[in-house]
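> Predicted coordinates and the sequence they were generated for:
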Amino acid sequence: MQLEFYKYQGAGNDFVMIDNRSGFFPKDNTQLVAHLCDRRFGIGGDGLILLENDSETDFKMVYYNSDGNQSSMCGNGGRCLVAFAKDLNMIENATTFIATDGLHHASFEDKLVSLQMIDVPSIDIKADYSFLNTGSPHHVQMVDDLEHYNVKDNGAAIRYGELYGTAGSNINFVKKIDDTTFRLRTYERGVEDETLACGTGATAVAIAMNATGQTEATSINVNVEGGKLVVSFDKNQDGFSNVFLKGPAEFVFKGTIAI
Ligand SMILES: N[C@H](CCC[C@H](N)C(=O)O)C(=O)O
């Protein structure tokens, strides 16, 4: 059987995208998803995303990490899915879709996709790190020499350490550039490596930097290895709401693969 796929990337976080509105895709085939994400034996990607029909919204998002397992929300993947839906002429310049963490509104601003993320009612602030959930779980830790930091080894040690048990967490290492700009490198759960960008991670870092007093800004630039993301939010007594993740989401190529 020939499977048609599309490749999109958002600030270097890349995804195999499949139009599964017909429901043909074998959603429980973990081995197949991992194979399609394999950068040598398959197509290659940090994750795989199914676009599916939904009775209440424009479409449904089903997200898999490259290990083949379905996972929690992917911010860059959500933005890429919005671009994919537009390229399929399913939507114009704004949309509402359903994902594992609920409803998401999104719109195009110039060539960028702005995606509303879930509200963040609380953040666990410790002496040398913070933990919060922005649709996926994120550990946020400041590092001085981020450029030379061993993200993979140090990230894996925390992700598999006693802090986060069997569920684990994504691990974000961040450095302040100025009052509205931070540099971020992320070890991603389910990819089990550093990725060039992590959307829910950038969102977590922006909120954590505000919550810990590193900045008073509520619109924050997050420089990631694969480009630039902008996170904005309202801060109130109930936590953080009107949270938006904005950045590029670009078609790379389409093709077919025998499965
Ligand atoms: N690896 C994450 C999901 C994808 C997050 C990332 N790709 C993003 O853009 O938010 C997890 O299992 O929690």
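Yep, that arrived. Residues are numbered from 1 along each chain as shown.

> Could you give the separation of stretch 235-248 from the chain centroid?
Put simply, stretch 235-248 sits 15 Å off its chain's centre (C-alpha atoms, centre = their mean, to the nearest Å).

> Use 469 as the first number for this chain going forward.
Renumbered: residue one is now 469, and that last one reads stretch 703-716.

> In PDB, could you pull the C-alpha coordinates for that stretch?
Written as PDB, here are the backbone C-alpha positions of stretch 703-716 (Å, rounded to 0.1, in the frame of the first residue of the first chain):
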ATOM      1  CA  LYS A 703      -1.300  37.300  33.900                       C
ATOM      2  CA  ASN A 704      -4.000  37.500  36.500                       C
ATOM      3  CA  GLN A 705      -4.900  36.100  39.900                       C
ATOM      4  CA  ASP A 706      -6.100  32.900  38.300                       C
ATOM      5  CA  GLY A 707      -2.800  32.400  36.600                       C
ATOM      6  CA  PHE A 708      -2.000  32.800  32.900                       C
ATOM      7  CA  SER A 709      -4.700  33.000  30.200                       C
ATOM      8  CA  ASN A 710      -5.100  34.200  26.600                       C
ATOM      9  CA  VAL A 711      -1.800  32.300  25.900                       C
ATOM     10  CA  PHE A 712      -0.700  32.500  22.300                       C
ATOM     11  CA  LEU A 713       2.300  30.800  20.500                       C
ATOM     12  CA  LYS A 714       3.300  32.500  17.300                       C
ATOM     13  CA  GLY A 715       5.800  31.400  14.700                       C
ATOM     14  CA  PRO A 716       6.500  29.900  11.300                       C
END
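
> hmm, who's touching it?
Stretch 703-716 has contacts (C-beta atoms under 8 Å, 6 or more residues apart in numbering) with 478-479, 543-544, 547, 577, 579-591, 602, 665, 667-668, 670-671, 675, 678-679, 686, 695-702. (C-beta placed from N, C-alpha, C; glycine too.)

> So it, near the ligand or not?
No. On the criterion C-beta under 6 Å from any ligand atom, stretch 703-716 is out of touch with the ligand, staying 8.3 Å away.

> mind listing what's buried in that stretch?
707-708, 711-716 (16 or more other C-beta atoms under 10 Å).

> Could you do stretch 469-479 as well?
471, 473-479.

> Kindly report the same for stretch 603-622.
So for stretch 603-622, counting by 16+ other C-beta under 10 Å, buried means 603-611, 614, 617, 619.

> same check, this time on stretch 668-682
668-679, 682.

> Intersect the residues you listed with the contacts of the ligand.
Near the ligand, by the rule C-beta under 6 Å from any ligand atom, you find residue 668 out of these.

> mind listing which of the buried residues of stretch 668-682 are in strands?
Cross-referencing the buried residues of stretch 668-682 against strands under DSSP state E gives no overlap.

> could I have stretch 469-485 exported to PDB, CA atoms only?
What follows is stretch 469-485, C-alpha atoms only, in PDB (Å, rounded to 0.1, in the frame of the first residue of the first chain):
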ATOM      1  CA  MET A 469       0.000   0.000   0.000                       C
ATOM      2  CA  GLN A 470       1.200   3.500  -0.900                       C
ATOM      3  CA  LEU A 471       0.700   6.100   1.900                       C
ATOM      4  CA  GLU A 472       0.600   9.800   0.900                       C
ATOM      5  CA  PHE A 473       2.200  12.100   3.400                       C
ATOM      6  CA  TYR A 474       3.200  15.800   3.800                       C
ATOM      7  CA  LYS A 475       6.200  17.200   5.700                       C
ATOM      8  CA  TYR A 476       5.900  20.500   7.600                       C
ATOM      9  CA  GLN A 477       8.200  22.200  10.000                       C
ATOM     10  CA  GLY A 478       7.700  24.900  12.600                       C
ATOM     11  CA  ALA A 479      11.000  26.600  13.600                       C
ATOM     12  CA  GLY A 480      12.800  23.300  12.900                       C
ATOM     13  CA  ASN A 481      10.400  21.100  14.800                       C
ATOM     14  CA  ASP A 482       9.400  18.800  12.000                       C
ATOM     15  CA  PHE A 483       6.400  16.500  11.400                       C
ATOM     16  CA  VAL A 484       5.000  13.900   9.100                       C
ATOM     17  CA  MET A 485       1.400  15.100   8.400                       C
END
